[in-house]
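Asker: Let me see the structure of the following:
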Amino acid sequence: MDRYAVHLEKDVPLASHTTMQVGGRARYFVEARDEGMLRDALAAAQDRDARVLVLGGGSNVLVADDGVDALVVKIALRGVTISQEAGAVTVTAAAGEHWDDLVRHAVERGWAGLECLSGIPGLVGATPIQNVGAYGQEVADTIVSVRTVDTRTGEIVTLATEECAFRYRDSLFKTDEPGRHVVLAVTYRLTPGGKPAVRYAEVERFLAGRGIAEPSLADVRDAVLAIRRSKSMVIEAGDPNRRSCGSFFVNPIVAGADAARIAAATGGSTMPRWPERDGRVKLSAAWLIERAGFVRGHRQGPVGLSTRHALAIVAHDGASARDVAAFARRVQQTVERSFGIRLTPEPVFWGFDPDRA
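Answerer: Residues are numbered from 1 along each chain as shown. Next up, the predicted model:
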């Protein structure tokens, strides 16, 4: 280990590094502040035959109570570079940059493409992994390329958008080859002076309620932040719902016949639904959870739903990762019994199988 210019800490508690604030320790831990440190850490892990897990802002991970027998690399690479071209601006941000800071920067400069993604916690490096999206935008719309370390070869590679296999809340990095690529930086192409995206009725209603007929990028960002705050989807000190992963389940995409069946069974003429290009229909996981009998604020011991949004699971004082997984499993099973649809968790589970915890 001494031949590497990086020090691996041992038995480091991980709860304080996640928004859920539960879970055990990492066998090894390092904060990588530059690419050299990251590559040294990966080499050191290989020497020790240790699995590598990458940690960003900790807003989309649930760590097992027994911890993880792995090297956890916390990404802290910083830096933003900007280049202008005809009709576009290209922004390359290091993986450790705070996501909402980048969105705010773009909006303040009049660059369209990220405004509806305001208030999402976490770091830039996480955005391509699950193709982060909200209120009608997703990062795949603007990503040009993703710079990574290929853990199989140790080489630095740059993947173009079409190589990332972006899908709804999914990508090459999450499902096709999980763990192979460690994101170093992401390049986005934004539109100077572009019009903001106003594609969700919720955002439209907010703007209309304030008499804003021709919203600016800043207006849309303010609307999204206000809506997210009303649902405790912006992590803020003092909010009793802050210890969550945000949306715990992905909105399911189902066959048109299944959507019609559920609507008929619930009398759901107002059931939220969004047609997909392939003929399938995206449903609201929060709506399904509430129609299955759960109310906001419902508790099972130290774990429950947010008092402001049925899609967020909150860990209260005394909660364990096992408690969170058990509550999530109960929600899944109840929705499946009610509607024949099994909800897919959005966070990543480290060190345990959530179906058996």
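Asker: so where's the stretch 51-200 of the chain uncertain?
Answerer: Of all residues in the stretch 51-200 of the chain, none has pLDDT under 70.
Asker: now the helices: where do they sit in it?
Answerer: Listed in chain order, the helices of the stretch 51-200 of the chain (DSSP state H, counting those that start in this stretch) span 99-108.
Asker: Tell me where the model's unsure across the stretch 201-350 of the chain.
Answerer: In the stretch 201-350 of the chain, residues with pLDDT under 70: 268.
Asker: switch to 90 and redo it
Answerer: 235-237, 265-270, 277 (pLDDT under 90).
Asker: If you count residues, where's the longest helix of this structure?
Answerer: Taking DSSP state H as the criterion, the chain has its longest helix at helix 321-339.
Asker: For C245, give its distance to V63.
Answerer: If you measure C245 against V63 using C-beta to C-beta, to the nearest Å, the figure is 11 Å. Quick note: C-beta positions are derived from backbone N, CA and C, even for glycine.
Asker: More neighbours: which of those two?
Answerer: Taking C245 and V63 together and counting by other C-beta atoms under 10 Å, V63 has the greater number of neighbours (29 against 24).
Asker: Touching, the more buried one and T18? I think so.
Answerer: Yes: with contact defined as C-beta atoms under 8 Å, V63 reaches T18; the gap is 6.3 Å.
Asker: quick revisit: neighbouring strands - and their directions - for the helix or strand following the longest helix of the chain?
Answerer: Note on helix 321-339: by DSSP states H and E, the next helix or strand toward the C-terminus is strand 348-350. Strand pairing for strand 348-350, determined by DSSP bridges: strand 61-63 (parallel).
Asker: Just give the nearest non-adjacent residue to V132, would you?
Answerer: Spatially, and ignoring its direct neighbours in sequence, V132 is nearest to V139 (5.2 Å; C-beta to C-beta, 6 or more residues apart in numbering).
Asker: brain fart, G36
Answerer: Counting by C-beta to C-beta, 6+ apart, A5 is the residue found nearest to G36 once chain neighbours are left out, at 7.1 Å.
Asker: which element is the one you found on?
Answerer: Using DSSP H and E, A5 is not contained in any helix or strand.
Asker: which residues touch it?
Answerer: Neighbouring residues of A5 by C-beta atoms under 8 Å, 6 or more residues apart in numbering: 36-37, 40.
Asker: for V6, same thing?
Answerer: 30, 32, 37, 40-41, 44.
Asker: and the residues you listed as CSV, adding pLDDT and secondary structure?
Answerer: As requested, the contacts of V6 are exported to CSV (pLDDT from 0 to 100; DSSP: H, G, I helix; E, B strand; the rest coil):
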residue, pLDDT, secondary structure
V30, 96, strand
A32, 95, strand
M37, 92, helix
D40, 92, helix
A41, 93, helix
A44, 91, helix
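Asker: Top of these by number of neighbours, please.
Answerer: A41 (27 neighbours).
Asker: who touches both of C245 and V63?
Answerer: By C-beta under 8 Å, 6+ apart, the residues touching both C245 and V63 are M20.
Asker: Quick check: the nearest residue to H309 once chain neighbours are set aside vs G246, distance?
Answerer: Once flanking residues are discounted, H309 sits nearest to K231: 4.0 Å by C-beta to C-beta, 6+ apart. Relative to G246, K231 is positioned 9 Å away (C-beta to C-beta).
Asker: And for the closest residue to D141 other than its chain neighbours, the neighbour number?
Answerer: Closest residue to D141 apart from its sequence neighbours, by C-beta to C-beta, 6+ apart: G113 at 6.7 Å. Other residues near G113 come to 25 when the count uses other C-beta under 10 Å.
Asker: Could you say which helix or strand holds L225?
Answerer: helix 217-230.
Asker: now that helix against helix 99-108, angle please.
Answerer: 150 degrees (axes from the mean of the first three to the mean of the last three C-alpha atoms, to 10 degrees).
Asker: Just the CA coordinates for the longest strand along the chain, please, in PDB.
Answerer: Looking across the chain with DSSP state E, the single longest strand is strand 181-192. Taking Å, rounded to 0.1, in the frame of the first residue of the first chain, the C-alpha atoms of strand 181-192 are listed here in PDB:
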ATOM      1  CA  HIS A 181     -17.100   2.800 -15.200                       C
ATOM      2  CA  VAL A 182     -16.300   5.400 -12.500                       C
ATOM      3  CA  VAL A 183     -17.500   8.800 -13.800                       C
ATOM      4  CA  LEU A 184     -14.800  11.500 -13.800                       C
ATOM      5  CA  ALA A 185     -16.600  14.300 -15.600                       C
ATOM      6  CA  VAL A 186     -19.700  15.000 -17.700                       C
ATOM      7  CA  THR A 187     -20.100  17.300 -20.700                       C
ATOM      8  CA  TYR A 188     -23.500  19.000 -21.400                       C
ATOM      9  CA  ARG A 189     -24.600  21.000 -24.400                       C
ATOM     10  CA  LEU A 190     -26.900  23.900 -23.400                       C
ATOM     11  CA  THR A 191     -28.700  26.600 -25.400                       C
ATOM     12  CA  PRO A 192     -27.900  30.200 -24.700                       C
END
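Asker: same for that strand, what does it pack against?
Answerer: Applying 3 or more C-beta pairs under 8 Å, 6 or more residues apart in numbering; DSSP states H and E, we find strand 181-192 packed against helix 35-47, strand 51-55, strand 68-75, strand 88-94, strand 111-112, strand 143-150, strand 156-160.
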